[in-house]
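Student: sequence and predicted structure below; questions after.
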Amino acid sequence: MKIRSCTFALFVALVFAGCASYSTVKERRPSLRAISGASVPVGNESTIRRALRLGRSRPLVALEGYLSVMEAASRQLEKNPDDADALRDYNFALARVFATIRDAGLDPWSQPLTVPGDNGGFVLTHRPDPRLQWNPALYEFTPADQFDVRGKYVSERTIRKGLGAPLVAVGREAYKGARAAFSLPRVYYGVTAVARFERRRCVISIEDPLAVETVRFGGRTFPLAADFTVPVAVMLARNNPKKYELTRLLRPEKYAETARIARLQPYDPNKTVILVVHGLMDTPATWTPMINTLRGDEEIRRNYQFWFFSYPSGYPYPYSAAILRRELDAIEKRFRLHKPMVVMGHSMGGCISRLLITDTGDKLWMEIFGKRPEDVNLKPEHKQLFMEALIFKRRPETGRVVFISAPLRGSDLATNRLGRIGSSFVRLPVTLLGAGRDALSVMTFTAGDLRLRRLPNSVDTLAPTNRFVKAINTIPMAKGIPYHSIMGDRGRGDTPKSSDGVVPYWSSHLDGAESEIIVPSSHNAHQNPQAIQEVRRILKLHIRSGPTSRDNR
């Protein structure tokens, strides 16, 4: 037992060696910055500095100062929309309005807020937006320019310059209907505030920068300012998904409720869904660098919406794929996908994705059990479980698949000493253990099989000798669905013998792929800049080649 514990400690140490923090955020006090070396107008500078000093002790006085600057800047922008100083003053003062509201606990959302002043003051209120369908009183808003962002997954800040104050909106309470709505348990979202003056009324609107590219202001059209990185960075920093990577592998039953599809933005029937699927010992956070980069592309923003499938990665991946199919059935009832979605799977997520474009008939079942389902003596609940995992059809909502570092034919690491040690620590749920014992009593084994005394876990189902892995690769993928392969190479450049360190080329290579690219990367090829640019190319290809509707397929 002592040797086993030491081995486990070594395994954990190897897993986390050299892992940098995914995201760290720190709030700071921003300052009004000059543009291109020009000095800040003296009047605005003094007003803003005074308001910054009084923000905590006399918040209403500070608000009056910020609103005065915004009003003057608004008039100037109406005259000259190219006035960079006026735009800077307007955006900065508006951001500080939200900072003051938050810090002072003010509420202009439930009813208009009177802000007294020497010139009659202002009335601060908001205009509800039916597109967002949310109550701003339920969220805490923090200006994005108050955050310093660092971390492995948020090393680049993706923004869009324009008019408005980018904000991080965080739900004050957990969303109880999150699972039914395929939403996150707590909302972390990037919005942009725009304020318009109707005499002494300052009316704030909250815009979604992923849905709106421009905004009308003072009779002119401006790009809507946006910060696409900070909201995700705040979510990662506060939730720390890294702590779930190993535990969801080793104890999947404990995290069964995390197996689900979730939307990263409000559902838009006119945009194609990009469904990302993570790999072994990982979480959806692993896609952050790619999503952060792609959201900086206007054509991607206009045409796509990002969703993810999360699951405890200790499950055997055919079982995870069965859960995904159930989630897609539920999605169809709540949000019918009018356009074929693009699925991107990294590592074991690629294996799961492959099953979405495969018609098995009873071939897998016969390979595993040697008899037709009606002739196999299993408990009804266990038979149903195996039928869902082994007998399935291609999903009609899937229009294209991108495989990234996918061990479609397995990985030798699953069968070597370290892989077998890791597999031994994975504890399958009681339901799967019972089904496994039931199945083993009627299965026969052949030479080369992993001769397990239990149902295979996720590590086992990545072994080249695993019966499911061998059988699924005898079944071609459904015709008419384009797929692409991206894989990493650590620098050896000896294809077809190359490897990303975990998955060899021979396992990821697919005859019939519409494209294949090898990038200089370790196993995390989906975070490689060249791979991200290839995904960008594929997504734009998908826009142009269609089909644009599932009904037209």
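Tutor: That came through, no problem.

Student: okay, CA-based contacts and neighbour counts for the rest of this
Tutor: Will do.

Student: tell me the buried residues in the strand ranked longest in the chain?
Tutor: Secondary structure of the chain per DSSP state E: the longest strand is strand 188-198. Across strand 188-198, burial judged by 16 or more other C-alpha atoms under 10 Å covers 188-197.

Student: quick check, pLDDT for R437.
Tutor: pLDDT recorded at R437 is 86.

Student: one more: M1?
Tutor: Model confidence at M1 (pLDDT) stands at 44.

Student: can you pull the contacts of the residue lying closest to G410 once chain neighbours are set aside?
Tutor: Nearest residue to G410, sequence neighbours excluded (C-alpha to C-alpha, 6 or more residues apart in numbering): P464, at 4.2 Å. Taking C-alpha atoms under 8 Å, 6 or more residues apart in numbering, we find P464 in contact with 409-412, 415, 470.

Student: pLDDT check: weakest of those residues?
Tutor: Within the contacts of P464, pLDDT is lowest for T415, at 74.

Student: which other residues reach the longest strand of the chain?
Tutor: Counting by C-alpha under 8 Å, 6+ apart, 71, 74, 94, 163-171, 202-209, 217, 224-228, 230-232, 234-235, 265 sit against strand 188-198.

Student: now do the very next helix or strand once past that strand, average pLDDT.
Tutor: Scanning forward in sequence from strand 188-198 by DSSP states H and E, the next helix or strand is strand 201-207. For strand 201-207, mean pLDDT is 95.

Student: quick one: strand 201-207 to strand 188-198, angle?
Tutor: For strand 201-207 against strand 188-198, the angle by axes from the mean of the first three to the mean of the last three C-alpha atoms, to 10 degrees is 150 degrees.

Student: quick one: strands adjacent to the helix or strand immediately after strand 201-207 in the chain?
Tutor: Using DSSP H and E, the helix or strand that follows strand 201-207 in sequence is strand 214-217. Partners of strand 214-217 in the sheet, by DSSP bridges, are strand 220-223 (antiparallel).

Student: next structured bit after the strand it pairs with?
Tutor: Scanning onward from strand 220-223 (DSSP H and E), the first element met is strand 226-227.

Student: list the neighbouring strands of that following strand plus their orientation.
Tutor: Assessed with DSSP bridges, strand 226-227 is paired to strand 159-160 (antiparallel).

Student: how far off centre is the strand it pairs with?
Tutor: 18 Å (C-alpha atoms, centre = their mean, to the nearest Å).

Student: next one: stretch 190-208
Tutor: 29 Å.

Student: what's the end-to-end length of that stretch?
Tutor: 7 Å (C-alpha to C-alpha, to the nearest Å).

Student: what of stretch 273-281?
Tutor: Stretch 273-281: ends 24 Å apart by C-alpha to C-alpha.

Student: in what helix or strand does the residue lying closest to R295 once chain neighbours are set aside lie?
Tutor: Distances taken as C-alpha to C-alpha, 6+ apart put R301 closest to R295, at 5.8 Å, once the chain neighbours are dropped. According to DSSP H and E, R301 maps onto helix 298-303.

Student: out of the contacts of P464, which comes closest to P30?
Tutor: S411 (49.7 Å; C-alpha to C-alpha).

Student: okay, now that closest one: neighbour count?
Tutor: S411 is flanked by 24 other residues according to other C-alpha atoms under 10 Å.

Student: pretty sure it sits against A463.
Tutor: Yes - counting by C-alpha atoms under 8 Å, S411 touches A463, with 5.6 Å between them.

Student: which neighbours do those two have in common?
Tutor: Between them, S411 and A463 share no contacting residue under C-alpha under 8 Å, 6+ apart.

Student: and of the contacts of P464, the nearest to V154?
Tutor: So of the contacts of P464, ranked by how close each gets to V154 (C-alpha to C-alpha), first place is S411, at 29.8 Å.

Student: phi first, then psi, for the closest one.
Tutor: phi -140, psi 140 (degrees, to the nearest 10).

Student: look up how far A144 lies from it.
Tutor: Distance from S411 to A144, by C-alpha to C-alpha: 43 Å.

Student: got the domain ranges for the protein?
Tutor: As assigned by automatic domain parsing, the chain contains the domains 24-233, 243-547.

Student: most distant residue from the centre of the chain?
Tutor: D118 (48.3 Å; C-alpha atoms, centre = their mean).

Student: any weak-confidence spans in this structure?
Tutor: Scanning the chain for pLDDT under 70 picks out the ranges 1-19, 34-43, 130-133, 419, 444-454, 492-494, 546-553.

Student: 80 - rerun?
Tutor: Where the chain drops to pLDDT under 80, the residues are 1-20, 33-44, 128-134, 413-425, 429, 440-455, 491-497, 546-553.

Student: the residue farthest from the centre of the chain: which element?
Tutor: When elements are assigned from DSSP H and E, D118 belongs to no helix and no strand.

Student: what's it in contact with, if anything?
Tutor: By C-alpha under 8 Å, 6+ apart, no residues touch D118.

Student: do the one 4 residues further on as well
Tutor: Applying C-alpha under 8 Å, 6+ apart, one finds that F122 lies in contact with 64, 67, 114-116, 200-202.

Student: now the buried members of these.
Tutor: 64, 67, 115, 200-202.

Student: dump those to TSV, plus distance to R29.
Tutor: Shown next, in TSV, are the buried ones among the contacts of F122 (distance: C-alpha to C-alpha, whole Å):
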residue	distance to R29
E64	19
L67	19
V115	23
R200	28
R201	28
C202	24
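
Student: looking at these, which one is closest to E253?
Tutor: C202 (52.0 Å).

Student: double-check the closest one against G121; I have them as touching.
Tutor: No - if you go by C-alpha under 8 Å, C202 and G121 don't touch, sitting 10.4 Å apart.

Student: roughly how far apart are A86 and G164?
Tutor: Distance from A86 to G164, by C-alpha to C-alpha: 12 Å.

Student: so which of these two has more stuff around it?
Tutor: It is G164, of A86 and G164, that has more neighbours when counted by other C-alpha under 10 Å, with 28 against 23.

Student: no more questions from me, cheers.
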